[in-house]
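Novice: Give me the fold of what follows.
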Amino acid sequence: MLSLNDIETVFARRGAEQYSGEPVTQLEHALQSAALGEAEGADDELVTAALLHDLGHLLQDLGETPTLRGVDDVHQYAALPFLRGLFGERVLGGIRLHVDAKRYLCATRPGYHDALSEDSKRSLKLQGGVFDAAQAQAFIAQPGAPDAVRLRLWDDRAKVAGLATPPLSHYLARARRCALVA
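Specialist: Now for the predicted structure:
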């Protein structure tokens, strides 16, 4: 299990890496996602899920833009074993379900797919593609799915070069408030 100090170290070591195919770093993307959630009044658990939703990218090393090589890094699952015990299901569920939320939004929201970045479209294919109607209905019926959809929409918008956000310490303080252990 990672501690909050370990998470801070991961961001310090790898947060400056480019977010695949986007004009922001991994840390900038995480901070922007959390800031968007905070701006919409999300609680500590959902803001923490937004901050950590792509931590799986930083806990493995598959090189730059693995989707260009046809690799799905399954990052939505990679961080979960490291975060279990530190956070409850609401945080973990937001992380786990944010990829399927993209598949759901592509199926249910006109124009959503077309607005995705090229890397997000490539990863969508590798992640199983757009849900059919039955899959979309089953997804949204899951506990935590509506939160994951909110998180996904912040994720999509969190790619603005040079956008000012509160620092990592601000969001780690929020994470500390919902952590299961100190």
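Novice: Without its sequence neighbours, what residue ends up closest to residue 60?
Specialist: residue 78 (5.6 Å; CB to CB, 6 or more residues apart in numbering). C-betas here are computed from N, CA, C, even on glycine.
Novice: Centroid-nearest residue for this structure?
Specialist: residue 53 (2.6 Å; CA atoms, centre = their mean).
Novice: Distance of that one relative to residue 154?
Specialist: For residue 53, the distance to residue 154 (CB to CB, to the nearest Å) stands at 9 Å.
Novice: shared neighbours of those two, anything?
Specialist: residue 33 (CB atoms under 8 Å, 6 or more residues apart in numbering).
Novice: Looks like the residue nearest to residue 60 contacts residue 54 (just checking).
Specialist: No. The criterion here is CB atoms under 8 Å, and residue 78 misses it with residue 54 at 9.7 Å.
Novice: More neighbours: which of these two?
Specialist: residue 54 (23 against 18; other CB atoms under 10 Å).
Novice: OK, contacts around the more buried one?
Specialist: Neighbours of residue 54 in contact, by CB under 8 Å, 6+ apart: 19, 26, 29, 30, 33, 75, 155.
Novice: May I see the buried residues of the lengthiest helix in the chain?
Specialist: The longest helix of the chain (DSSP state H) is helix 89-108. Going by neighbour count (16 or more other CB atoms under 10 Å), the buried part of helix 89-108 is 90-108.
Novice: Repeat that for stretch 13-23.
Specialist: 14, 15, 19, 20, 21, 22.
Novice: out of these, which one sits closest to residue 176?
Specialist: Ranked by distance to residue 176 (CB to CB), the buried residues of stretch 13-23 are led by residue 15 at 18.5 Å.
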